[in-house]
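# Sequence and predicted model, in that order:
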Amino acid sequence: AKVAILISGRGSNMAALLYAAKAEACPYEVVLVASNNPKAPGLQLAEAEGIATFAHPHKGLSREEHDQIMHEAIVAAGADYIALAGYMRILSDEFVGKWQDRMLNIHPSLLPKYKGLDTYQRALDAGDNHAGCSVHLVTPELDDGPVLAQTEVAILPGDTADILADRVLIAEHQLYAAALAKYVTREADPDWILEQVRIRAL
Ligand code: GRF
C-alpha cells in the first residue's frame with residue numbers, strides 16, 4: 001500500500017510511520033509527506049529520508065480550493081491511503097468523501113472522550129486515571145470516525161498536561177504504525193473496524 005502523510009508541524013508521528021516502513025515486513029510505503037505549512041519541521045526530516053514532499057499554504061484559499069490542491073498532489077504521488085499526523089486543518093466534506101475508508105487520523109485521547117484540542121488537561125481535570133490515544137477513520141465530523149485501535153496510558157500523580165502529552169506520544173508512535181499496517185492489510189472483514197487493540201503502555 002502507498003501512503004501519503006499529512007502534517008502541519010513537528011512530525012513525530014510521521015517519523016514513527018516512516019521508520020516503521022523501513023522494516024522489510026512493513027505492508028505500506030510512504031510515497032509523500034505533504035503539509036499546509038511550508039515551515040513544518042517534519043518536511044525537512046522527510047526530505048532527508050528521501051521521501052517526496054509537498055507544501056502548499058492555505059492562506060487566501062477556500063478550504064475546498066486548498067484541499068483540491070492537496071488531493072491532486074496526493075493522487076500524483078500514487079497514494080492509496082492518507083495518514084493524518086498532526087494535520088491542523090479541518091478538511092472539507094468533499095475531500096473526506098474522496099478518501100472515505102482510506103484516511104486515518106491519530107488523536108491523543110481515548111475516543112469518544114475529548115474530541116478536539118486540550119485533551120490532556122481535560123483528562124486531568126476529569127480526574128481520569130488513564131489517558132491514551134486512538135487511531136480512527138476520518139469522517140466529516142471532527143474526531144468522530146470508527147476507532148481502529150487504542151492504547152491506554154496511565155496518569156500518574158503529579159502529571160501536568162505536558163508530562164502526560166510526552167507519555168501519550170510514546171504510545172502514539174507505536175500505535176499509529178501498528179494500526180496503519182494492520183488496516184492496509186485487512187482481509188475483507190466487515191467487522192474488522194470493531195476490533196479494538198488495547199495495549200497498556202505503562
Ligand atoms: C499528536 O499528539 C497527534 O495525536 C495530534 O497532533 C500531535 C501531532 O504531533 N493529532 P506530531 O506532529 O506527530 O509530533
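Yep, that arrived.
# contacts and neighbour counts: CA atoms only from here.
Noted.
# Mean confidence (pLDDT) on stretch 9-28, please.
Throughout stretch 9-28, pLDDT has a mean value of 97.
# cool, stretch 154-163 as well?
The model assigns stretch 154-163 a mean pLDDT of 98.
# so residue 42 sits right up against residue 7, yeah?
Yes: between residue 42 and residue 7 there is a contact at 7.3 Å, judged by Cα atoms under 8 Å.
# Quickly list what's touching both of these two.
Common neighbours of residue 42 and residue 7, using Cα atoms under 8 Å, 6 or more residues apart in numbering, are residue 14.
# Quick one: distance of the host helix or strand of residue 169 to the chain centre.
Counting by DSSP states H and E, the element that carries residue 169 is helix 161-184. With Cα atoms, centre = their mean, to the nearest Å as the basis, helix 161-184 stands 9 Å off its chain's centre.
# Just name whatever secondary elements that helix is in contact with.
helix 12-21, strand 103-107, helix 119-125, strand 130-137, strand 147-154 (3 or more Cα pairs under 8 Å, 6 or more residues apart in numbering; DSSP states H and E).
# Any part of the fourth one near the ligand?
When you say that, I think you mean strand 130-137. No: using Cα under 6 Å from any ligand atom, we find that strand 130-137 stays clear of the ligand, coming within 6.9 Å at best.
# re the thing from before, what comes up buried for the helix holding residue 169?
Buried positions in helix 161-184, judged by neighbour count with 16 or more other Cα atoms under 10 Å: 161, 164-165, 167-184.
# out of those, which touch the ligand?
Within the set of the buried residues of helix 161-184, contact with the ligand (Cα under 6 Å from any ligand atom) is found for no member.
# Show the contacting residues for the residue nearest to residue 8 when sequence neighbours are not counted.
Across the structure, with Cα to Cα, 6 or more residues apart in numbering as the measure, the residue nearest residue 8 apart from its sequence neighbours is residue 87 (4.8 Å). Residues touching residue 87, when contacts are defined by Cα under 8 Å, 6+ apart, comprise 6, 7, 8, 9, 35.
# can we see that at 10 Å?
Applying Cα atoms under 10 Å, 6 or more residues apart in numbering to residue 87 gives the contacts 5, 6, 7, 8, 9, 11, 34, 35, 36, 37, 105, 106.
# next one: phi and psi at it?
Backbone geometry at residue 87, expressed as degrees, to the nearest 10, gives phi -90, psi 110.
# and this protein, which residues reach the ligand?
Residues of the chain that fall close to the ligand, judged by Cα under 6 Å from any ligand atom: 9, 10, 11, 12, 13, 14, 85, 86, 106, 107, 108.
# Is it correct that residue 127 is in contact with residue 159?
No: the pair residue 127 and residue 159 fails to qualify as a contact (Cα atoms under 10 Å) at a distance of 11.2 Å.
# shared neighbours, these two?
Counting by Cα under 10 Å, 6+ apart, the common neighbours of residue 127 and residue 159 are residue 121.
# what about those two, which has more around it?
Counted by other Cα atoms under 10 Å, residue 127 and residue 159 do not tie: residue 159 has more neighbours, with 14 against 10.
# give me the element the more buried one is part of.
Applying DSSP H and E, one finds residue 159 in no helix or strand.
# So it sits against residue 131, correct?
No: because the distance of 11.2 Å does not satisfy Cα under 10 Å, residue 159 is recorded as not touching residue 131.
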